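Trainee: Quick one, structure for this:
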Amino acid sequence: MPTRAPPPVTTRNAVVFLAVIAGGAALYWMQDILTPLALAVFLAVMIDSFARVLTARVPGVPARVALPAAVVISVLLFGASFWVVIENGRDFFDQLKDYAPRLNDIIARAAHAVGIHVAPTVGGLINELNPQRYIGQAAQSFGNFASSAVLVLIYLGFIIASRRGFARKIVSLFPQHAEREQNMKLFQRIRDGVEQYLWIQTVTGLMIAVAAWVVMMLVRLDNAFFWAFLIFLAAYIPILGGAIGCFMPPLFALVQFPDSFWPAIILFLALQGIFFVVGNVVLPRMQGDSLNMDPTVVLLSLAVWGALWGVPGMFLSTPLTVAVMLILAQFEGSRWIAILLSEDGDPEGERLGAAKPHEAARSRKK
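Mentor: As a prediction, the model looks like this:
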């Protein structure tokens, strides 16, 4: 019996293209279900990374204690973040009452500069906006956020509880040793990609936040630590987060220093300079050397996942794209897409799967 000829390359690529469109549509329609699950998986990988770091770096910490300790550390970190935002945000909003006359003065000067003789006031602008009509929408958004957070925690609890059976499931799914070994390497590379993304965003976010805090302290901007912390949190959204965060302090410098534009100008130039250096020099080099992703793909993935899943999609855009790149590289028909997504044309290169320092040290001990 003659063997069936493989489909033409054009037909195969067309099928892959249609599959990508169908997958994107499914992701968009199922975002309410998939977004909490993706966030829970991301947090589970982060907690597992903490546990392995504790086992490798802290002497005398057994594996059975490392995971609960990592869960406690993660809860404390998130709790401290919320406390910093709420505590400093309360002082910030209290100061807004004192800023109202200064805002009116700035609005008046800007109106006179463009030829408007009767300048509006902050109170008048707020009345024109009619904020009452947005209260219901804001309450609904907050309720959706709270329910999503609870769902993420529920998913996270079940994922952590079921992690012990993961190895047995892998054995049952792939009884052949070679196939099982290949899929375990794929999973480890995806996990390493998520961990490296966390490490990169944390390091670059700290660079931007610390440098921004120093500049804000030099110009004596109020709530400098609060603004620096918000910039650090915003930096976890690739590219756009740090840029948006660096725009807000100069705007409030206009209010705090109504007699001079120089503090706002200095802040704007300094913060944008810091973000430009870190975002265009440090970050692409770190991503290219570890994640093996083209910088243009990072920006494109931010737009695509943001359109599909909103802010959670923007937050998860890079690790999701790394996972998609590695999975597509396993199939001959879609490998060309993975090659285009990679930075060096080798989506399965050793850079992404390289052992981390603490893992290398542990292997040498063995």
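Trainee: next one: stretch 332-343 to chain centre, how far?
Mentor: Shown here is stretch 332-343, whose average C-alpha point lies 24 Å from the average C-alpha point of the whole chain (Cα atoms, centre = their mean, to the nearest Å).
Trainee: Pull up the distance across it, start to finish.
Mentor: 19 Å (Cα to Cα, to the nearest Å).
Trainee: Can you point out the buried residues in that stretch?
Mentor: Applying a neighbour-count criterion of 16 or more other Cβ atoms under 10 Å, the buried positions in stretch 332-343 are 333, 334, 337, 338, 339, 341, 342, 343. In this view, the C-beta of every residue, glycine as well, is placed from N, C-alpha and C.
Trainee: Now render the residues you listed as CSV, adding pLDDT and distance to residue 192.
Mentor: Formatted as CSV, the entries for those read as follows, by pLDDT from 0 to 100; distance: Cβ to Cβ, whole Å:
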residue, pLDDT, distance to residue 192
333, 73, 25
334, 76, 21
337, 81, 21
338, 83, 16
339, 85, 20
341, 81, 17
342, 81, 15
343, 76, 16
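Trainee: which one of those residues sits closest to residue 229?
Mentor: Within the set of these, residue 343 lies nearest residue 229; the separation is 31.5 Å, counting by Cβ to Cβ.
Trainee: Would you confirm that the closest one contacts residue 286?
Mentor: No - with contact defined as Cβ atoms under 8 Å, residue 343 does not reach residue 286; the gap is 11.6 Å.
Trainee: Contacts for stretch 70-84, please.
Mentor: Outside of stretch 70-84, the residues that reach it under the criterion Cβ atoms under 8 Å, 6 or more residues apart in numbering are 43, 46, 47, 48, 50, 51, 54, 160, 226, 229, 233.
Trainee: Can you tell me which of these has the largest number of neighbours?
Mentor: Using other Cβ atoms under 10 Å as the neighbour criterion, residue 47 leads the contacts of stretch 70-84 with 24 neighbours.
Trainee: Distance-wise, check that residue relative to residue 61.
Mentor: Counting by Cβ to Cβ, to the nearest Å, the separation of residue 47 from residue 61 is 15 Å.
Trainee: try residue 193
Mentor: Separation of residue 193 from residue 61 (Cβ to Cβ): 26 Å.
Trainee: cool, residue 155 as well?
Mentor: Residue 155 sits at a distance of 27 Å from residue 61 (criterion: Cβ to Cβ).
Trainee: And for residue 280?
Mentor: As for residue 280, its distance to residue 61 is 39 Å (criterion: Cβ to Cβ).
Trainee: So these two - more neighbours on which side?
Mentor: Here residue 280 and residue 61 are compared on neighbour count by other Cβ under 10 Å; more neighbours surround residue 61, at 15 against 12.
Trainee: For the more buried one, grab phi and psi.
Mentor: Torsion angles at residue 61 (phi, psi; degrees, to the nearest 10) stand at phi -90, psi 110.
Trainee: Report the contact partners of it.
Mentor: By Cβ under 8 Å, 6+ apart, the contact list for residue 61 reads 54, 55, 69.
Trainee: what bits of the stretch 1-150 of the chain have low per-residue confidence?
Mentor: 1-9, 12-13, 92-147 (pLDDT under 70).
Trainee: residue ranges for the helices of it, please.
Mentor: With helices called from DSSP state H, counting those that start in this stretch, the stretch 1-150 of the chain shows them at 9-29, 31-57, 63-113, 122-129, 132-161.
Trainee: Check which helices and strands the first one is in contact with.
Mentor: Meaning helix 9-29. Helices and strands touching helix 9-29, by 3 or more Cβ pairs under 8 Å, 6 or more residues apart in numbering; DSSP states H and E, are helix 295-315, helix 335-341.
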